[in-house]
Each structure stands twice: as structure tokens, then as C-alpha cells.
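*Asks:* need a 3D model of the following:
(chains A, B and C)
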Amino acid sequence: METIDTDIAIVGAGGAGLRAAIAVAEANPSLKIALISKVYPMRSHTVAAEGGAAGVIKDNDSFDYHFHDTVAGGDWLCDQDAVELFIHEAPRELTQIEHWGCPWSREPDGHVAVRPFGGMKVERTWYAADKTGFHMLHTLFQTSLKYPSIERFDEYYSTDLVVSDGKCHGVTAIEMRTGQVRFFKASSVIIATGGAGKVFPFTTNGAIKTGDGMAMAYRVGVPLKDMEFVQYHPTGLPGTGILITEGSRGEGGILVNKDGYRYLQDYNLGPPDPWPRKKAMELGPRDRLSQAFWHEQQKGRTISGDYGDVVHLDLRHLGEAKIMERLPMVRELAQSYVGVDPVKAPIPVRPVVHYTMGGIDTDIDTATSVAGLFSAGECACVSINGANRLGSNSLTELLVFGARAGRAAAEFARENGPPVVDGDARQAAEAAEQRVLELFRRSGGNESIAGLRRDMNLAMEAGAGIYRSEDSLQECTQTMQELRERYRRIELMDKSNVFNTDLIEALELGSMLDVAAAMACSALQRKESRGSHQRLDYPDRDDEMYLRHSLAHYSANGLPSIDYSDVTITRSRPAERVYGGSAE
Amino acid sequence: MSRRPYIRPVSTTGWWLRDGLYFRYMMRELSSLFIGAFTIFLILGLYRLSQGRAEFEVFTARLLGPAGTAFALLTLIFAIYHTYTWFQVTPKAMPIVLAGKRIPGFVIVAAHWLLFAAVSATVWLLAVIF
Amino acid sequence: MSERTVELEILRYDPDQDQEPYFQTYTVPYHEDWVVLDAINYIKDELDRTLSYRWSCHMAVCGSCGMVINGTPVLSCNTFLRDYPDKIRIEPLRNFPIERDLIVDMDDFISKLTSVKPWVIAREERSVDDGEYLQTPAQLAVFKQYTACINCMLCYSACPQYALNEPFVGPAALALAHRYNLDNRDIGRSAREDVVASNPGIWECSFVGACSEVCPKLVDPAGAIQQAKIASTGDYFLDFLMPWRRK
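*Replies:* Alright, predicted model coming up:
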């Protein structure tokens, strides 16, 4: 197995990975960086984010407001020291990417413009039309090209972290175009591989969001934190799950049920007027909006469609000019995929899985429990998002924690020097290669990848959806255990060495099954309702027992064990989450 | 057992027959041959004029004969096609912004046709008068 | 009454087994709202696990799924079965070596994109503490169109110059250079000149315009290149007359 020597190995080249790479290159140009990604960087799912990135810059705003909005939005499960740091660095990072060329939308005087977003008291969401993630990703990718110390390994699928003696020595990855496994020997490794929305059947997430990095860290003993918190974005297109940005509500769009009624006013988010109004009605937090949909569905007030029930997102009153200026992509998507022109008719939408609040347990400096291993972005859980993420905090998170991870990894590499790969580490690397080869050579299997994936999706949606119960979760965790058993009996139909996507999908399925089990088990253990984790049998928030982060610990043969860690509370004591009229 | 990227051959002579857009492009380019040839022909005519009335009349007779007429007509068609395609693309090559808004393409194209018509009318008028 | 079906004829190639590519036909069920990518995913999941292709976002923004469908380069995720006859021919993008099935070797594209220095070469230095560069909506509008490129490479597949002249830098890379040249924060036109305003750069382009025809994001790379030609010509003469000027 070929060994590639590097100082920093970064797995994942989306917003966080690219930002980390640039941070390393700027902190110390003599450090070699291997930027490893299973897709070319511009394909990373950051590209699909639409609405914007939050950062305090306007005079009517304050760091205090951003702090409180984020902590309350996260139902007090956020680590407040991390949130403090995050909101302060946010405007600096957003300005930095502007210097690198990001085409932020502007006010007439040339300053960066901001728009209102869900759960935020004051508008602070920087935006680039309705393609913010696209512009940020391309700006970061193009900027990364100017640093000679960043060497990219595009279309390398990372399989395992090489750890011995509590220390990370690097990562193994399959070069997809040749099928060869390579060992990247590194002083520090940053995992920035994104979330795991593909565990669910209806999701805004692209094919690549399979939680591989989470699974890699998980399997070497790093706990996955707060995995039960999965965000449903209230407005995805039925069938495809394509995202219709929150920005469409920020610009004034409304949600109505089959009677044309703005139903959110029935769920403590009203009164409906004046509109638009921050933190009220359609600009409430995402978990509340998705939960309202579920209730409307139970009452039979949603609209029946080809792909299940929907509600209507009405943008007609915004007018064609405004839609073309601020939401051109929304119009394009609605026309292409559901045959609706939002200028003339309302768009059918429903909640779809969008974001994984949980992830690799890191501290405020992006470090994990394994020395030399760092993580940032959606795959990590610091936690700044707590039990529910506010829209537009995530794109900023990529920049703030991506940069911190880069600097921390660079510092670690500088302090510790190149890794000494001892016998144990070499064995671990070789075991990783064998794991891939075994899958490759296996014959006589009778399970199909597509079949297992579908069963996992259906079980998760039924058992661990927007609303959960003891029974639904018990069944779900049991199914996850069965699926992991059945996974041992899949066989590859494709035996080629060149771009074997059958092999890659099989490995991705393995990651998803691990992550799904962590999600289901963590949800089963949390006997309360908080943020996006809602239990029909425990409808209230229980701060006494559960104002803590859940930690899922990997078990090779069974389901994960769950324990808890404290939440860092500094200056915001848990209170009632208040939106709508009384928030004025 | 490793990669062996396969390069599909491209026909250097027949590629433009495969697709309508490519074919029309080659016709546009071909027009320059005809226009060039016709220009040389006109220069030849000037030369014949310098040689005297008799030579020039031989030249004009040839021009008005069946082959000459066909050639002239073909050149005219190609020239108009070239003009049309040239005007169509000018807005792309020269976007004009007036008072913060981009002037729509058809306005620029229309302006070109108007100018073309005016110049053609003037030349024709001069030809008739003189 | 039997369900309506569609026949997909797909170009296959596995270098481990095949000497050269060949077509393989699959029959898939027809759905009114399916795109070609949905049909291809169906083939992979239900009929043939060995079919390899790139895809991710399924919303025409990541640029992964470019392929030639019935002769035209398109994104398979926004190409609807309902717009096609019941027999559809699918091939990988033209003008790139085929690695495997519908997956092409993108190295040349990446290196050309990198060669035009697609990053801000700042007109004036500014620290993050000084805040953002000022850029009015009008200044943004000048280059905004050229920021929309998703690097899907349909334009390279359509361009006959790229097909016949491998050194041609190509539409997307040149449009991206133009995007930076027009950005009021950037002053890098002369730094990009060697690659952009060179023979294999903009001057290889003969304005066929196929690139702009197929671009799914309406970037209009052909227009960008012609504008760059005019700018470059202006540079040439002005440099001659005023060699001290910055650009």
C-alpha cells in the first residue's frame, strides 16, 4: 500500500474543508496539506445552500442579539462559550470571504446587504442572491488554488482513520480512478465531510451526504454528540426534496394549508400581521414550522399530492420583479421540478430532512478526544446549534470553525512534528486496506445495497421522524441492528478497479447504518422534547435530566451505548422559547 | 488492471455535418470565402476599367452572364447571412449599460439593421444618380 | 394495460474488461416527472450495479451529472424524460477521455481553470478590520452573470475548437477569467494575460457559440470571450501608447 507523506490531511473539501486548508496555508506556508475529497470540491454539498450566512454588521444589531437568538433557537442545548466565540468571529470571516471575491448582494451605497431569516430578532443574514452556498464554495475553491502548499486528492474516498495509542497518524483512502488504497500519513487530520441526510428518504441533501467522516471518527472511539437532533427544513419540494430557501420567507413568502389559511398562527407563532415580521409566523424557527406541518397533517388540513401531503408556499404577492432579483433560483427550481411558476401559483412544499445538528464531539477549538484529530462543519458538533439550528448560521459555521480547525491542526503539526508510524499504526492502516479488499472479494451474498438503503430510509422516517415515541424508536433501533447484520451479507456486483461506484455505495451504506443507529439510539434515550427532537410520550422539555449533550459510543457488534456530558452555560439560563407576537 | 482512459476519435473533416448549429457556423465562415472572392473580382474589374472601355465591357458582360449572375447571387445570399449572424452576436460582444440597466439585445440588433438599411439606401441612390 | 417504458441506450466502458466502449440498452418504467438521472439511478439500483456515473445535488447546481443525451450535452438531473422520445441515447461528455462508463477524465479542465488565476488579485490592500470593499449593485451587475458557472463542462463538450485543438483553454475557464477581470475589486487582467489573451486562450475561439447554447446557467461564455478579445485588443494598443499604465 502506497504511503503519501503530508503534514495535514483534510478529509472533505466543502466550505469547512477548503476554509481549513486556506487557514493552514496562511498560518504556515511550509506545511504540506493533503486535501482529500470523494468528489471534486465544487461538487460538495455546500454548493446547494441558498439563503445566506449570518453575521452581525448593521447598526441596529448587536452580538448580544445574535447570541440570544442562537441559544434560544437551539433550545439551550448550545455550548454558550462556543456560541460567544462564533458570533464574534462571524463578521470577520464573512468579510474575509468578501475580500476573496464572494459576490455578496449589496445595498445601493455599496455595503453588504442583509436579509431577515428564521428565528432572528434582527436581520443579519448576508446573502448572494439565493445561491449563497454556491458562491461561497466557488470563492473558497478558487481562492484555494493560489496556495502551492495545498495538494488536492480529488475523488479519493476516505475509509478509515489510522489511530494508535490514542493518537491519529493519518487516514486511508481509495483512489477512485484506480481502486488502490493509499495511506496518508499525517501529523494532524481534519474531518470536514458534512452531514448525513441520506439516512432519511426525503432530504434536501445530495447523494454524497452519507456521514462517512462521522462514521470514521465514531469507529475509532470518538463519540457522536447529539445525534438525535435532525433538522427538518419546512420547505422542500415533494418527491425530490429539493430545497426552497428560507430566504423566500424572509422576503415575505407565506405558508397556507388546504383552506388557504396561514396555519402557523395556531402554533404560538402569530399573530399573522404585520408581515413580514421577524421571529414570527413563517420566520419562526425551523423545528417549530416542521412540527406545525405534522400537526396540520394529523388534523387533515394539508393538501394531498403525488408524493404525499404538502402545504403551499405562496410568493405571488412579492411580484415578478422582486422574485427575479432576490429569488431567481427558487423560480427556476419550482418551474423545472414541480411545474409551478411562483409568480403565478403557490409552490407545494413539505418538511424534508436538511441538517444534522449532531456529529463528531469536538471542543471549542475543534479538537476531538483523539490527539491530532480535528473536525469542523456539519459533521462536527461543537455545539453551537444545540437542539435546532437557525438558518444561515451553518454557512458561517463552516468559515469560523473551518478556519479554527486549520489553525489548530497547523499548531498541532508544528508542535508535534511528523508522525512516527509504529507497528500498531501500520497494522491499523493495513487492516483498513483489508476491510476494503474483503468487501471486494466477498461472494455468495444475498442482500442488495439499494434494498438495505431503502429499508434504512423507511425505518428512520417512520421511527425517528419529526415526532417520535418509545415504540417507534424501539422498533427503529431494532431494525438498525438487523440492517447492520444484513449488511455483512451484501456482495459487490461490480468487480472493476476503475471508478467502482458499487464499492463506494457499499462503503457509504456502512457509514450510514452506523450513523443511523447512533441517531435512533440517542433519540430513544432522550426522554424529553427539545428543539427538533419531539417525543409524543414526553412532550415537555426536561432541563433537570436532559440539559446535557448525548454521546453515542461505537460498538462493533451491537448498538451504541449512550451517555451524557454537560452543556456549557455562561450567561443565558434556559427559558421559554418565545416566537410570534409576544416576541415584539 | 488499472485505468486506461479511452479517447474517442473526432473527425476533422466531418464534425460539422453532425449538428445543425455546427453546420450553420461553417456556412457563416464559408461566406467569407465567397465575399473575399467577390472582392477580388471587383478589384479585377477596377483593373479592367483602367485598361479601357473595351476591356471593361468584356468584364461586365461576364459579370452579367449566367455564371457571373449565379456567383453574384450566391455571394449576396452569403453576405446577407453573414450580416445577419454578425448583427445577432454584437450584443453579446458589446454589452451596453445605460442608466444602470443593460440595453436589451434586440435593440442593438435593430439599430444595426436600421443603419444597414440607411447606408444601403444611400449607396443605391448614389448608384442610380451617377 | 402495460406500463409505459423508455429504452435507454448507454455507452459502457470498463478498462478492466473492455477494449473499447459499446452501447448497452436498458428498459426503465416511465414517470411523468422523472429526469434522466432518475432513470439512470433506477438502472443502477434495480438492473445493473456496474453502471458508473457522477451525480450529487439533483438540482442543477453541483455540475456533476453532465452527459450527452441524444447528441446534446445536458445535465441529466434537469433533463426530463417527458421531453424525449421513448428511446434515449446517453454518452459521456465529448472531448474528454472516458475513464469508465459515463465518467470522464477532468484533469485537463481543472488544470485550465487553475491556469487563468481565478482568484482576486486585489486592486487595493484592505484588512478585514477595514470591513468590506465597496461594490455598488451596478458594479456587481457588470460581472454577476459570469459568476454563475457551475463547472459542469457541457461547454467543453459542445465546443468544436476544444474538440479539434486540445491546447484551447476553453469557454468556462475564459469566462471565469473574465469574471475576475470585470470585478471592481480585482486588478489582475495583466497577470492573467499570458494565459487568457494568448493563442490557445481567447484567440483560439472562432465564436461558434455552441458553448453558450448548452450552458445550463446562461453564463454566455462565448460573449465573455468576445468581450475579452475587445478588451485585449484595447490593452495591446494602449500598452503600446502608454506602457506605464496599470491594469
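
*Asks:* isn't residue A:322 right up against residue A:251?
*Replies:* Yes: using C-beta atoms under 8 Å, residue A:322 is in contact with residue A:251, at 6.7 Å. For the C-beta atoms, the positions are set from N, CA and C on the backbone; glycine is no exception.

*Asks:* so which elements touch whichever helix in chain B runs longest?
*Replies:* When chain B is parsed with DSSP state H, its longest helix is helix B:20-51. Judged by 3 or more C-beta pairs under 8 Å, 6 or more residues apart in numbering or on different chains; DSSP states H and E, the packing partners of helix B:20-51 are helix B:53-64, helix B:66-93, helix C:210-214.

*Asks:* what do you get if the cut-off is 7 Å, keeping everything else the same?
*Replies:* Packing partners of helix B:20-51 (3 or more C-beta pairs under 7 Å, 6 or more residues apart in numbering or on different chains; DSSP states H and E): helix B:53-64, helix B:66-93.

*Asks:* circling back: residue A:322 and residue A:251: who's more crowded?
*Replies:* When neighbours are counted by other C-beta atoms under 10 Å in any protein chain shown, residue A:322 and residue A:251 differ, and residue A:251 comes out ahead with 20 against 14.

*Asks:* what sits against the more buried one?
*Replies:* A:318, A:322, A:326, A:327 (C-beta atoms under 7 Å, 6 or more residues apart in numbering or on different chains).

*Asks:* swap in residue A:367?
*Replies:* A:374, A:408.

*Asks:* can you rerun that using 8 Å?
*Replies:* Residues in contact with residue A:367, defined by C-beta atoms under 8 Å, 6 or more residues apart in numbering or on different chains, are A:373, A:374, A:408.

*Asks:* want to throw those residues into CSV with distance to chain B, secondary structure and pLDDT?
*Replies:* Listed next are the contacts of residue A:367 as CSV, based on distance: C-beta to the nearest C-beta, whole Å; DSSP: H, G, I helix; E, B strand; the rest coil; pLDDT from 0 to 100:
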residue, distance to chain B, secondary structure, pLDDT
A:373, 32, strand, 98
A:374, 33, strand, 98
A:408, 37, helix, 98
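
*Asks:* what are the buried residues along the longest helix seen in chain C?
*Replies:* Counting residues, the longest helix found in chain C (DSSP H) is helix C:221-241. Buried residues in helix C:221-241, counted by 16 or more other C-beta atoms under 10 Å in any protein chain shown: C:221, C:222, C:223, C:224, C:225, C:226, C:227, C:228, C:229, C:231, C:232, C:235.

*Asks:* is it true that the first one touches residue C:210?
*Replies:* No: assessed by C-beta under 8 Å, residue C:221 is found out of contact with residue C:210, at 10.1 Å.

*Asks:* now the common contact residues for the two.
*Replies:* Joint contacts of residue C:221 and residue C:210 (C-beta under 8 Å, 6+ apart) are residue C:155.

*Asks:* report the contact partners of residue A:431.
*Replies:* residue A:160.

*Asks:* please read the previous query as pertaining to residue C:171.
*Replies:* Applying C-beta under 8 Å, 6+ apart, the residues contacting residue C:171 are C:155, C:156, C:159, C:162, C:205, C:211, C:212, C:221, C:222, C:224, C:225.

*Asks:* spell out the secondary structure type for residue A:4.
*Replies:* strand (DSSP: H, G, I helix; E, B strand; the rest coil).

*Asks:* residue boundaries of the strands in chain C?
*Replies:* C:5-12, C:22-29, C:66-69, C:72-75, C:87-91, C:98-100, C:103-104 (DSSP state E).

*Asks:* who in chain C is up against chain B?
*Replies:* Taking C-beta under 8 Å from any C-beta of the partner chain as the measure of proximity, chain C contacts chain B at C:13, C:15-16, C:20-21, C:71, C:94-95, C:97-99, C:105, C:137-138, C:141-142, C:160, C:163-164, C:206-210, C:212-213, C:220, C:222-223, C:226-227, C:229-230.

*Asks:* narrow the residues you listed to those that are buried.
*Replies:* C:13, C:15-16, C:21, C:94-95, C:97-99, C:105, C:137, C:142, C:160, C:163, C:207-210, C:212, C:220, C:222-223, C:226-227, C:229.

*Asks:* what about chain A, any weak spots by pLDDT?
*Replies:* A:582-584 (pLDDT under 70).

*Asks:* tell me the one of the contacts of residue A:251 nearest chain B?
*Replies:* Using C-beta to the nearest C-beta, residue A:322 comes nearest to chain B of the contacts of residue A:251, at 16.3 Å.

*Asks:* kindly report the residues of chain B close to chain C.
*Replies:* B:1-8, B:10, B:12, B:15-16, B:18-19, B:21-22, B:25, B:29, B:89, B:92-95, B:97, B:100, B:102.

*Asks:* check the stretch 251-400 of chain A too.
*Replies:* A:306, A:329, A:332, A:333, A:336, A:337, A:338, A:339.

*Asks:* tell me how many other residues crowd the residue nearest to the fifth one when sequence neighbours are not counted.
*Replies:* Distances taken as C-beta to C-beta, 6 or more residues apart in numbering or on different chains place residue C:78 nearest to residue A:336, at 5.5 Å, with adjacent residues excluded. The number of residues packed near residue C:78 is 19, by other C-beta under 10 Å.

*Asks:* residue C:36 is in contact with residue C:78, correct?
*Replies:* No: using C-beta under 8 Å, residue C:78 makes no contact with residue C:36, being 9.1 Å away.

*Asks:* what residues go with each domain of the chain?
*Replies:* Picking chain A for this. A:234-351, A:426-566 (automatic domain parsing).

*Asks:* look at chain C instead
*Replies:* C:5-104, C:107-241.

*Asks:* now these as CSV including distance to residue B:66 and mean pLDDT?
*Replies:* Shown next, in CSV, are the domains of chain C (distance: least, C-beta to C-beta, whole Å; pLDDT from 0 to 100):
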stretch, distance to residue B:66, mean pLDDT
domain C:5-104, 40, 97
domain C:107-241, 35, 96
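
*Asks:* one step back: and the contacts of residue A:367, which is closest to residue A:263?
*Replies:* Nearest to residue A:263 among the contacts of residue A:367: residue A:374, at 43.6 Å, using C-beta to C-beta.

*Asks:* wait, that closest one touches residue A:409, no?
*Replies:* Yes: between residue A:374 and residue A:409 a contact is recorded at 5.2 Å, counting by C-beta under 8 Å.

*Asks:* identify the contacts common to those two.
*Replies:* A:188, A:189, A:190.

*Asks:* want to throw these into a markdown table with distance to chain C, neighbour count and secondary structure?
*Replies:* Supplementary listing: the shared contacts of residue A:374 and residue A:409 in a markdown table, determined by distance: C-beta to the nearest C-beta, whole Å; neighbours: other C-beta atoms under 10 Å in any protein chain shown; DSSP: H, G, I helix; E, B strand; the rest coil:
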| residue | distance to chain C | neighbour count | secondary structure |
| --- | --- | --- | --- |
| A:188 | 25 | 30 | strand |
| A:189 | 24 | 32 | strand |
| A:190 | 22 | 33 | strand |
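
*Asks:* can you list those in JSON lines and add distance to residue C:43?
*Replies:* Shown next, in JSON lines, are the shared contacts of residue A:374 and residue A:409 (distance: C-beta to C-beta, whole Å):
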{"residue": "A:188", "distance to residue C:43": "42"}
{"residue": "A:189", "distance to residue C:43": "37"}
{"residue": "A:190", "distance to residue C:43": "37"}
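
*Asks:* between these, which is nearest residue B:73?
*Replies:* When the shared contacts of residue A:374 and residue A:409 are compared against residue B:73 (criterion: C-beta to C-beta), the nearest one is residue A:190, at 70.9 Å.

*Asks:* is the closest one bridged to anything, and to what?
*Replies:* Beta bridges link residue A:190 to residue A:10, residue A:374, judged by DSSP bridges.

*Asks:* in the stretch 1-150 of chain A, what residue spans correspond to helices?
*Replies:* With DSSP state H, counting those that start in this stretch as the criterion, the stretch 1-150 of chain A has helices at A:15-27, A:63-73, A:80-99, A:132-144.
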